[in-house]
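Peer 1: My questions concern the predicted model and sequence given below.
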Amino acid sequence: MGHDIYGQNKAGEAIAYIRFTMRDSCAYTFYHLLDATDCYAGVSGSGDSKTLSLPQMEKALEAKNELFNEDFSKQPKDDFLVWQQKEIQKFITSCLETAQKEGSVKVLFS
């Protein structure tokens, strides 16, 4: 079990992917960043998807920036935490870029 989360463009192509283990406390935080806590099913995603608009993705990036310091050199020396925060940044950035081009991005939570 775990959280496999995919970002898709309008053509249905995967443009982003992130995975959290079923006990990763950061998983719920990630759902919250995307305003998708209704897709959180505890040990995994609910299987639902959301189409997020450009303003929603911009808000997710702002919330991520408030939560995590963008200067990873100042982060705790926990290598996993630093890696995970970079993965969250990549996911949100990829989805934001797609939303900028297409007006929205679809995110699947499984």
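Peer 2: That came in fine, so what should we check first? Residues are numbered from 1 along each chain as shown.

Peer 1: Helices of the protein, residue ranges please.
Peer 2: Taking DSSP state H, the helices of the chain run over residues 26-33, 54-67, 79-102.

Peer 1: Of those helices, which is nearest Gly7?
Peer 2: Each of the helices of the chain was checked against Gly7 via C-beta to C-beta, and the shortest separation belongs to helix 79-102, namely 4.4 Å. The way it works is simple: take the backbone N, C-alpha and C, and place the C-beta from them, glycine included.

Peer 1: Distance from that closest one to the middle of the chain?
Peer 2: The chain centre lies 7 Å from the centre of helix 79-102; the measure is C-alpha atoms, centre = their mean, to the nearest Å.

Peer 1: Alpha carbons of it, as CSV, please.
Peer 2: Extracted C-alpha coordinates of helix 79-102, given in CSV (Å, rounded to 0.1, in the frame of the first residue of the first chain):
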residue,chain,number,x,y,z
ASP,A,79,18.9,13.3,3.3
PHE,A,80,15.5,11.6,2.9
LEU,A,81,13.6,14.8,3.9
VAL,A,82,15.6,16.9,1.6
TRP,A,83,15.0,14.5,-1.3
GLN,A,84,11.3,14.3,-0.6
GLN,A,85,10.9,18.1,-0.5
LYS,A,86,12.7,18.2,-3.9
GLU,A,87,10.3,15.6,-5.3
ILE,A,88,7.3,17.6,-4.1
GLN,A,89,8.8,20.7,-5.7
LYS,A,90,9.3,18.8,-9.0
PHE,A,91,5.7,17.5,-9.0
ILE,A,92,4.1,20.9,-8.3
THR,A,93,6.4,22.7,-10.8
SER,A,94,5.6,20.2,-13.5
CYS,A,95,1.9,20.4,-12.9
LEU,A,96,2.1,24.2,-12.7
GLU,A,97,3.9,24.3,-16.1
THR,A,98,1.2,22.1,-17.6
ALA,A,99,-1.6,24.3,-16.1
GLN,A,100,0.1,27.4,-17.6
LYS,A,101,0.1,25.8,-21.0
GLU,A,102,-3.3,24.1,-20.9
